[in-house]
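J.: show me how the following folds:
(3 chains)
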Amino acid sequence: MMPPIKVGDSLDIILSNALSGKTLFKDRSALRSDYIPNNLPYRNDQITSIAQILSPILQNSKPSNLLLYGKTGSGKTAVAKYVLEKFQQATIKHDKQISLAYSNARLAGSEYRVLVDLGQSLNLKIPFTGLPLSEVLQRIFNHISQFNLKTIFVLDEIDFLGKHSYDDILYSLTRSNEHLGSGLLALIGISNDLNFKTFLDPRVLSSLDEEEVLFPPYTVEQLRDILSERVSLAFNKDTVRTSISNLCAALAGSEHGDARRAIDLLRVAGEVAEREAATTVEDRHVRIASQKIDQDRIFNAVKTLPLHEKVVLASVSLLPSISTTGQVFDKYQNLARGISLDPLTQRRVSALLSELDVQGLINANIINHGRHGRTKRITCLVPKDILDEIFSQNSQELHLLHS
DNA sequence: CGTCCACAGGAATGACGGGCGG
DNA sequence: CCGCCCGTCATTCCTGTGGACG
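T.: Here you go, the predicted structure:
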């Protein structure tokens, strides 16, 4: 998509640079999103309070449930994983054992699959569909009891669980003691959404929110320190000037101190520079990286959309820049029939539009035209060329399906 | 000032693919 | 193998709603 360089030329340069050891990166993995550094700057308070809250588990008693709050890229997941790793090391040293489980509600996609994740972390095999949720819960509790497991379950992006499940799943998990003969289960919830608590059933809230730890966004100055540390880990000497990493910090920090975005920016900028066979990372690499990250995010989001949702998105993009649900639905029906696909109902399309809105692929505001009804004011946020690229691939698949 | 548009979005229900226990 | 129950996605039916029009 991006580089305006002849492929053959840059390939030669990359190969010769790699062979002569002239590379920008020293250890690329230090910039990966799952990398957990040895020290997490500006998060000591959070680390110590989490450790304190969890420490009863080392005396075989149940720690309080715990809720971690903070916006994306404020270090919640990294801190949680870091503390748990330390606990594991400590328990191994003293010949005890705790079980750690981790699940990301957004990636898992449903409450059921969250429980499957939990079960798998405990070496309990659970079929990926077919069982009632209560049965799955029961099996997990039985398993924990049977082997007397001391379990810490981290539930990341907890606010992505469906609204119904707050009652069922979370209630059972937070009250796990009542179901357990022996063994124990401590729940650590991680939420990006500060309003999340207001949607919770008060009974769930009181047991989930026994303790909470807040993660304030990083300031730009803090981001600079974090980045400069990563730069020295990941890049060779004198390839990234301080002004460059400061630029990354400033770009990412302008919103709300998102460390993950800052680090991504650094990594992609490095990759762009490497592809250009540059010997240092420059301003323009960072700016290209910034665009590329946005585009990749959108591209992947669109590509993994279910078929009907793609068609709905295509309908939005084909209409004038501001359209309504009714117009989109008409267009959608035409398109769907054009590829011999049974159109969904307007109700469902309305729901799909809401999903696209949540994903940030369209902008949809409810607006009242008084006498002339009430509708969503819809604009497409996906650039045309991205859509064209995906739909040209997709129409080929469709032709294969229908031929 | 009430009406009534063009939808929003909740609730109930059904089709489907799957696991379970017998 | 069968009948049963489950979660998921979609449909059907429904009530709700802010404000321009008459």
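
J.: scan chain A for its longest helix.
T.: helix A:283-303 (DSSP state H).

J.: report the buried residues of that helix.
T.: Residues A:His285, A:Val286, A:Ile288, A:Ala289, A:Ser290, A:Lys292, A:Ile293, A:Gln295, A:Ile298, A:Phe299, A:Ala301, A:Val302 are the ones in helix A:283-303 that count as buried (16 or more other Cβ atoms under 10 Å). Bear in mind the C-beta positions are built from the backbone N, C-alpha and C, glycine included.

J.: stretch A:54-63 too?
T.: In stretch A:54-63, counting by 16+ other Cβ under 10 Å, buried: A:Leu54, A:Ile57, A:Pro63.

J.: just the ones of those in helices?
T.: Those of these lying in helices (DSSP H): A:Leu54.

J.: closest to DNA strand C out of the buried residues of stretch A:54-63?
T.: A:Pro63 (28.5 Å; Cβ to the nearest atom of the strand).

J.: quick check: that closest one touching A:Pro56?
T.: Yes: with contacts defined as Cβ atoms under 8 Å, A:Pro63 counts as touching A:Pro56 at a distance of 4.6 Å.

J.: checking my notes, A:Tyr102 in a strand, right?
T.: Yes: under DSSP: H, G, I helix; E, B strand; the rest coil, A:Tyr102 sits within a strand.

J.: okay, now the closest residue to it other than its chain neighbours: neighbour count?
T.: Using Cβ to Cβ, 6 or more residues apart in numbering and skipping the chain neighbours, the partner closest in space to A:Tyr102 is A:Val154 (4.6 Å). Residues lying near A:Val154 (other Cβ atoms under 10 Å) number 25.

J.: so who does A:Val154 touch?
T.: A:Ala80, A:Lys81, A:Leu84, A:Leu100, A:Ala101, A:Tyr102, A:Ser103, A:Ile188, A:Ile190 (Cβ atoms under 8 Å, 6 or more residues apart in numbering).

J.: SS state for it?
T.: strand.

J.: if I look at it, how far off is DNA strand C?
T.: Counting by Cβ to the nearest atom of the strand, to the nearest Å, the separation of A:Val154 from DNA strand C is 20 Å.

J.: cool, and A:Gln359?
T.: 14 Å.

J.: quick check: that residue touching A:Thr304?
T.: No: counting by Cβ under 8 Å, A:Gln359 does not reach A:Thr304; the two are 10.1 Å apart.

J.: who has more neighbours out of those two?
T.: Between A:Gln359 and A:Thr304, counted using other Cβ under 10 Å, the more crowded position is A:Gln359 (16 against 9).

J.: what pLDDT does that one get?
T.: Predicted confidence (pLDDT) for A:Gln359: 89.

J.: give me the phi and psi angles of it.
T.: With angles defined as degrees, to the nearest 10, A:Gln359 sits at phi -70, psi -10.

J.: equivalent analysis for A:Ser228, please.
T.: Dihedral angles for A:Ser228 - degrees, to the nearest 10 - are phi -60, psi -30.

J.: okay, and the closest residue to it other than its chain neighbours sits in which element?
T.: In this structure, A:Ser228 finds its nearest non-sequential neighbour in A:Ser245, 5.6 Å apart by Cβ to Cβ, 6+ apart. Using DSSP states H and E, A:Ser245 sits within helix A:242-256.

J.: could you say what helices and strands the following helix or strand past that helix packs with?
T.: The helix or strand immediately downstream of helix A:242-256 is helix A:259-275, counting by DSSP H and E. Counting contacts by 3 or more Cβ pairs under 8 Å, 6 or more residues apart in numbering; DSSP states H and E, helix A:259-275 packs against helix A:7-19, helix A:220-234, helix A:242-256, helix A:283-303.

J.: what about 7 Å?
T.: Helix A:259-275 is packed against helix A:220-234, helix A:242-256, helix A:283-303, with contacts defined by 3 or more Cβ pairs under 7 Å, 6 or more residues apart in numbering; DSSP states H and E.

J.: tell me the buried residues in the first one?
T.: This points to helix A:220-234. A:Val220, A:Gln222, A:Leu223, A:Arg224, A:Ile226, A:Leu227, A:Glu229, A:Arg230, A:Val231, A:Ala234.

J.: any figure for the gap between A:Phe215 and A:Leu67?
T.: 11 Å (Cβ to Cβ, to the nearest Å).

J.: likewise for A:Ala101?
T.: 17 Å.

J.: sorry, back to before: off-centre distance for the longest helix of chain A?
T.: 16 Å (Cα atoms, centre = their mean, to the nearest Å).
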